[in-house]
Every structure is written in C-alpha cells, then in structure tokens.
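Novice: no sequence for this one, just the structure:
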C-alpha cells in the first residue's frame, strides 16, 4: 500500500490540510507542535477509524474526542491510497458524530464499496485490515516506529531488541511477548499445582474432596446399616406389639382373677368380722368372769369332795358314837366316871402297893378305911382337877406313890373298885375313842369347810347359805370363765383371720383395690377382653407369674429395641448432616473440576502459544534476517555483515568480517543498536501483513541517536527500500532535511514541511 | 359444619443446597429458613383455627434427614395440640423402615399414612381425608386409579403424585395420575404434593391443587410461594392460595460490555434488590482493561445479600476473527485454537477457556483461575 494523498478538513490542530505523497520516501518536517503526531493519527484514523466494534468503548470515544478540532469546526478527512496490485481507493470519513459516516471509493469505478466490507456502527469498516492484512493494533505497533520506542529498546542492548521484536512479533505489543505470556500461564499453572504437588490449590482441593467423599461414603454406609437396623427394630416392634397384646390380655385375666379373689376375700373378711363380733359379744358377756380363779377349781373340787366325804364320815362316826353311847348304860358311864375319878388314876405301882397293903397286915378296918377314904378323896380330887385342866393326862407315878397311905380295906376297896374300873374301862374307852374320832372328823370337816369358805370368799362366790350353794356358784362361775375363755379365743381367732385376710391393709383399701380392678376391667377394650378368651384361665398367682414373665420378656425386648435405637442414634450422631457434607463435597468437586479444567486449559494455552511461536518465528526470523543483513551491512559500511536472527529466540547474531567471528548478543554501539532495531522493525512490519501487502512505514524521528555518518547511509537505505515500501519519516531533524536537500530531484520522494502547513513541496 | 384445612407439601427439610454452590454455613441458613417455614405454618394453622393441617409429601429429604429435624417436626406439630396433622409421605420422604416417620415419637395428633393404598381418617368436622404413602423413592404406579371413596362425605384425597395430563406420552412420573382418576374416585377434592409451583386444577369446579413449595428452594423457583387453604362446606370446596414464602430468589443478568472498571460492575451489583438470594450472571464482552476478579467482587458485594451467586459468563472483548488474521504469535495462537475447535479434536469449552487464558496472558494480565 502506498498513500497518495491525504486531506484533513479538520482533525485536531490540523485544518484544511492536504498533501500528496510520493510513492517512495516522504519526509514530514516540522518543529514541535507542528502537527506531526496529529497527522500520523489522522492517517491511522482514516484507515482504521476510532472504533473496533459496534459498541463504543470509553477509550475509543475518548480518542475520538481528543482529535475533535479545537475550534469546533468540521471534523473529517480523506485518504487516497494505492494497493500493490494497482487498485486505488479513497477513504472519506466524517468524524463529527459518533456514527462516523465512512465511504470507501473505488477510484477506478468511483463506487463507494464500504458496505462490501460489512459496515458496522461508528464507521467500523474493516477495509484497511483487509487491504493491509493487519489490524489497527498491529498496524500501529508495527508500521509506526517512534523515537521513544527506539530509545527505550536500544538503550538496553541487543537482548532487549530481541525481546522487543519478539513482543511485537508475538502480540504486536511492546510489553508482552509470547514467552512472558507462557510464563504467566505457567505461574497460574503452578498456583493450581501438579498432581504431585502438595500445597497448591488443586492437590488441596483433591485432598479435601477425597476426605469429604470418604465422609460421605461413611455416612452412606451408616445409613445402609441404619436401614437394616431400622428393619430389625420394626421386627422387634411387631414382637412388642404382640407381646403387649398378650400382656394386656393377661393383665385382664389377672384383673378378673383378682376381682374374684378379692371378692371372696372380702366375703371371708365379712364372715370373719361377723364371727368376731359374736365372739366379742360373748366375751363381753363373760367379761366379769375374766379373772375368775378357775385355776383353783381343782382344789375346790378336791376340797369339796373331801368335804362331802368328811361330812359323810362325820355322820357315820356320829351314828357309831351314838350307837356306842347308847350301848353303855348311863349308870355305868357315871360309875365309870366315878371309878375313873377315884381309881382310874392309880398306877400299877400304886395298885401293887394297895395289894400289898390289903394282903400283908391287918390294920383296924377303921383306920384302914379312913386312910383309904381320905386317900381316895385326895386322889380323886387331884385327878378331876387334872382332867379338867389336861383332860387325858394319866396320873403320874409320883402321884401314885403319894396315894399309898391307905388302909387295907381301902386298899381292898380300891383294888376292887379298880378292878371294876378296869372292867368298865374298855367300853368307856371305846366311847371315848369314838368321841375322839368324832371330834377329829368334825375338826377335819371344819378345816376343809374353812378352806373352801376361804376359797369361795376369794373367788367371790361365798354364800352365807352354805357350802353347797357356794360350791354351785363356784362351779357355775368356772363355766362362765370357760365360756369367756372360749369367746376370747374365738375372738382372737377371728381377729387373726381378719388380719390374715386383710394382710396389713384396711378393708377400705381392699375394697378400693377391688373397685380399682373393676374399673380397670371395665376400661379394658373389647379386644383385650376377647384376646384372652378361650384360653385356660389360671389362678391369679399363675397369671401374675405369667404376667411377670411376659413383662420381663417385654422389658428385654424393649431394652433390645432401645439399644438398637441408641445404636441408630449413635450411628447418625457420629456423622455430620449428609446435606452439609454433600454441599462440601459438591463444592470441592466443582472446585476440582474447575481447577482441573483450568489447568488443562492453561496447558493447552501454553502449549499452543509455544507451537504458535515456533510457527511464527520460523517464518518471521528469515524475513527479518534479510532486512537486517542487508541493512546492517549497508548502514555500517560493511563493519557487520550477515546478521542472523535465531528463529527460536529472535536473538541477533552478527558476523564480523574482520575476524570472521559471529557475535551473539553483540556489544555494538547505541547507534548500531538503533539501526538494527529499525531494520528489524521494517522487516517485522512487512512480515506482519497477512496478505503480503507492503505496509507503509511511518517513522517518527527515529534516528536522533544515529551519528551523522550513519544517518545518511540509513536514509539512503530507506530511500532505496522505498522502492518496495513507502516510507514516511516525521522529523524535526535538520540533518534529515539536509540529507533530503542533498539528494537530487526524484519524484518518488517528497518533503512535506509542516511548520507552514503548506502543500508539500516537490523536490 | 364448614371445615378449613391448611395444606402444604414439598418443604424439603434437610435439603442440600449443593447445586447452588453454597458452602455449608450458608446452606445451613437456607435449611433454617425451611424450618422457620414449618414454625410459621403451625402459627398459621392456629391463627386461622384450621380443622387440620395436611402435608402432601416431601416434607423432608430422607437421605439427608436428621433425627433432630424429626424431633423438631414432632415438637412443632405438638403445638397444634388436638388439631390433626395428616401426612402422606412422598418420594423424597418415603415411608421406609428407617424413615423419620417411624423413628420419631410423634404426638397423638399426627397421623402418618403408611399404607400403600388410600386409607381414611375422619376429621371431627365430618370430612374424611384419604391418604396414602410412597413406600420407596421410586413409586411409579398410579395411587388413585380404580379407587372409590366410601362412607359419608365430604371426601378429600391427600397424596404425592404427578399429574400427567399434558405430559408427553412416554414420560413417566412419580405416582402418575390423570385428573380423571381423581374425578372417578368420587372425592370432592385432592390435596397434592410434588410440583414445586402452586396450581389449582378445575374441571368446572375445583378438582385438585398443588400448593407448591412453601419456600423457594432454588433459582428456578423465583416468585411468590404459597400454602393452600381449603374451605369445605358441604359439597362446596374452595381452595385459596395463601401468600407464605419469605425467601426470595432473584436472577439478574448484568451486561458488562459498557462497563469500563470493576467498580462499575460492583456498583451495578450492589444496586440490586436486597436482601434476597441473588444470582448475578455477568454477561457481555468484558472490557480488556477491566480487571474482573470475581472472588474480590463477591467479597465486596456478598454482605448485602442473603446469598450472592456470581456467575461469570462474560466473553473477552476480543475480535477473534481479526486476531486470527494477525501474523503475530498471538494470531497464530488464536488460529491454532480455533482449528482445534473446528477439527472437533478438543473440548470446545476447554478450548475457549484456553483461548481466554492465552489471550489474557498475551495482554500481560494476570491469568485468573477459579
């Protein structure tokens, strides 16, 4: 492409500016603020517009506004250009509005062909992209070579040049090369981490996912076992239900049995209480005999027997005595009494003495009689006295001796009378004995009677009437006492029975219990009642045992069920909620997937960039090498020849003809580096056209640091190059002006003086 | 005697919110919102003096259910004292051995239908409610077909099932049925569960109703959520949706094309309705100069919302066609990636991601990965 004419009715500081360009080298000379930069931007704006898409981005609008003429006048321009194949076009743009009406006139046909490029909003008609084979960015980065760019690059050595060229080749930018892009991608990759890494994001996420997945599996396992346990629990529950039914029916049976038993017990208690009442009544009736000395009954009976027998004996003895008494004449009793009184007291010795007297010597009978009579009187007197005092005391020997002073007759009388006495004595003695016996029996009877009376008095049954009455009362009282005892015993027995039946409870309590059972029986459902029907009904004890057994069985089942429930509870309690774990798992899963994809995408990106680099550099390096080799030899006047650009790194190596040495990263001067960079940029700019169209070079005072010796050579080289590629140099450098002036006239090259903003002069 | 029933279904207690990308703490708050719905449901039942509370299945999610949730439900239902609570288990809360329905000591006013055929429960007001249980998560048979109510009415069916009218012929559903099945049953009305959006079906007169979820469960359930109030007077049934849900899900598509700074993106987000569970889908071409760090953006904006879900669907503002024409390495990179996509040799989305990362790296920007 070669620019032929540019018209700017209004663009930034430029008004009604127009100039025709030569097809070769065009020098735009002007001092600062002459509009050099504005013109460059005008060319770019006419070719590419301000906007890249249908939506106006802020920076695009800002750039659009930046070049709006200060005086508010028209804001438009046109550019005529010719393609390498001979086609020529004129682009006309009106920048006044954001819509930027744009025409592309095919100068051959005079037709506006803008729409054939797919017209978009804001004048975004991509004809320049098609005609130049590069985007605005690439065009501005590669076709434009500025002083600032060169200064920055050339300042730091050949390596910087290679990097800058690489950056341009890679991105048409000046800061980021593909290598740096790969570094960024690798940094991101290392942040995500490899499979072997431990601390990067992906391994951490994988680790977290593995942990949470394991937890989820554990929960599911637990839930699986929970299902089994729950089924087991259901089985237990069914058993429990059946057991409960049996317990219920057995309870019902037991209640019925208890009702029967309690009813019977209450009846028995009632009966016992009636008996007790009767016994108590009987007891109360004989209460006064409660302390009657029945224990003396035997003695009384014995005494009474004895008394009766004694009485009979006394009667018999009295009869016998009476008979004996009747058998002895009263005279004889008197005689005997007289004899006993007179001689009865004579002892054997006295009798013997009397017999001696009677039969040994003969005293006068008178004397003897007198002595006998006095003696007998004395004796008899003594005897009577003694008898009165001590009834049966026999005469003492001493007394016998004292009575010996009697006469023979007396002695004979005495002896006779004594003999008579002795003859009467047995009969009299029998009577006396009978009397004694009678007295003794009377005495014994009296003693028995006295004892009985004493006992009767003690028992309180003594009757003044007689012993028999008292005895009858005693016997009767004894019977009463016995009756009392029996009543007391019966009462005690009944009390004991009641107590036994009550079993330390009150009747009310038992009645209450019965009522309770009756209520429970009434409360039992029909089902409960029928459940036990048809079964053999046992005693309450048997039923209670059965109930205990069932209850124990139920308790065991309940315990088992409770254990199972607890197991279930513990099983679930040892885990977090599944939802929570699931959420974590989902989070980490999505994180792993995202990081995995990101890692894969980063790898693809890095790998693809490497492939792209190889591909681009492979084509780019030789093209740049050609420009660099030709140019460096020309500009350095053969000091360096055969420059080479490494297709792998775009680093430069130069051949020193003097030594034949190839210098990689050559320690060349700043000026040489500037030249090398410009040459490479020229090569780059041409290479960047996707359609092979020669791209006009727009150099913005790039040779400030090139020495005066090399500058003309460089300009000469560019003038020669401009046979193939149009070159536009914007400068304020007098040396370039001088160089231009020093060259002879050539229609292909033109000098445009911007200071006066006049139409271009022709050399 | 007029009867009032409050009906709900598909509460999905103990649900996992993993699909929304919520971390546990945030999801736990969502689960608590569902519990709060149960508390308010009981309040509402008491407030209107309803004769019964009915639940048409999916009260909780069996696979995730905790005993704590079971005890919570028992505790809440006990507040209703003598008001019957009738539950027909669904496919998410089937009546299986280890279900909460069998593991929890329910108060005496709670009836859980456990049979796989419809069984009656008579309310004191005279209405008979016929319920049936799903006995597993995959009940694919019609629970109503051939069923006919018996006894004196009114009769109300309560089950969890899929109305298949209008559904494609080959499509199957959980406990599928047709409106004709309900009409043929002789029931006056059917209270259902399964579909998460509320709807009342009429065939001349109201026939059956889905109350929908009482609280929205995800972004597909934006809008109002209801419980159903059913008034029955003789043969007249009047279903009325009662506004109930408090949780709001909102989705906003934010076109970032015209935004030139990340702060503009932030401002656009914080101006959205709050507090709601907000999903913001960032769309459009992201200006190359906008450093969109979604993590940082989330941290700056999340506090304002109940929950913020940021979805980055922006496209880089590259003219790939133009780039592909470049002779630069970057252009070659774009071409190579595009060729791979065209050849079908790679995962298209992965290649797009690689393209995005590569171009970002070429722009000298930090390559942000998830």
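Specialist: Yep, that arrived. Owing to the predicted nature of the structure, the values given are computational and were not obtained by experimental measurement.
Novice: What residues of stretch A:283-297 count as buried?
Specialist: The neighbour-count check on stretch A:283-297 (16 or more other CB atoms under 10 Å in any protein chain shown) flags A:283, A:286, A:289, A:292-294, A:296-297 as buried. Where you see a C-beta, it was placed from the backbone N, CA and C, and this is true even at glycine.
Novice: and that stretch, how far from the chain's centre?
Specialist: 79 Å (CA atoms, centre = their mean, to the nearest Å).
Novice: gap between the two ends of it?
Specialist: One end of stretch A:283-297 to the other measures 21 Å (CA to CA, to the nearest Å).
Novice: Of the buried residues of stretch A:283-297, which belong to helices?
Specialist: Among the buried residues of stretch A:283-297, DSSP state H puts A:283, A:297 in helices.
Novice: filter the buried residues of stretch A:283-297 by proximity to chain B?
Specialist: Among these, no residue lies close to chain B (CB under 8 Å from any CB of the partner chain).
Novice: Which single residue of the stretch 251-400 of chain A ends up nearest chain B?
Specialist: residue A:251 (22.1 Å; CB to the nearest CB).
Novice: and that residue, how many residues sit next to it?
Specialist: Under the neighbour criterion other CB atoms under 10 Å in any protein chain shown, residue A:251 is assigned a count of 22.
Novice: Do you know the pLDDT at it?
Specialist: Looking at residue A:251, its pLDDT stands at 84.
Novice: where's it, which helix or strand?
Specialist: When secondary structure is defined by DSSP states H and E, residue A:251 falls within helix A:201-285.
Novice: For that helix, enumerate the helices and strands it packs against.
Specialist: helix A:178-192, helix A:467-502, helix A:507-523, helix A:526-531, helix A:540-573, helix A:578-635, helix B:100-103 (3 or more CB pairs under 8 Å, 6 or more residues apart in numbering or on different chains; DSSP states H and E).
Novice: As TSV, those with distance to residue A:72 and mean neighbour count would be great.
Specialist: Shown next, in TSV, are the helices and strands packed on helix A:201-285 (distance: least, CB to CB, whole Å; neighbours: other CB atoms under 10 Å in any protein chain shown):
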stretch	distance to residue A:72	mean neighbour count
helix A:178-192	44	21
helix A:467-502	127	17
helix A:507-523	107	14
helix A:526-531	105	14
helix A:540-573	80	15
helix A:578-635	45	21
helix B:100-103	79	21
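Novice: By mean pLDDT, show me the worst of these.
Specialist: Averaged per stretch, pLDDT over those is lowest on helix A:526-531, reaching a mean of 53.
Novice: can you give me the strands in the stretch 1-150 of chain B?
Specialist: In the stretch 1-150 of chain B, the segments counted as strands under DSSP state E, counting those that start in this stretch are B:3-8, B:52-55, B:85-87, B:110-112, B:119-122, B:128-131.
Novice: Take these and write them to a markdown table, including mean pLDDT, distance to chain A and mean neighbour count.
Specialist: Conversion of the strands of the stretch 1-150 of chain B to a markdown table gives the following (pLDDT from 0 to 100; distance: least, CB to the nearest CB, whole Å; neighbours: other CB atoms under 10 Å in any protein chain shown):
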| stretch | mean pLDDT | distance to chain A | mean neighbour count |
| --- | --- | --- | --- |
| strand B:3-8 | 97 | 20 | 25 |
| strand B:52-55 | 98 | 20 | 27 |
| strand B:85-87 | 98 | 18 | 25 |
| strand B:110-112 | 98 | 14 | 20 |
| strand B:119-122 | 96 | 18 | 14 |
| strand B:128-131 | 97 | 20 | 24 |
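Novice: Let me have those in CSV, extended by distance to residue A:710.
Specialist: Formatted as CSV, the strands of the stretch 1-150 of chain B follow (distance: least, CB to CB, whole Å):
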stretch, distance to residue A:710
strand B:3-8, 91
strand B:52-55, 94
strand B:85-87, 96
strand B:110-112, 99
strand B:119-122, 106
strand B:128-131, 101
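Novice: To residue A:306, which of those strands lies closest?
Specialist: Closest approach to residue A:306 among the strands of the stretch 1-150 of chain B (CB to CB): strand B:110-112, 99.8 Å.
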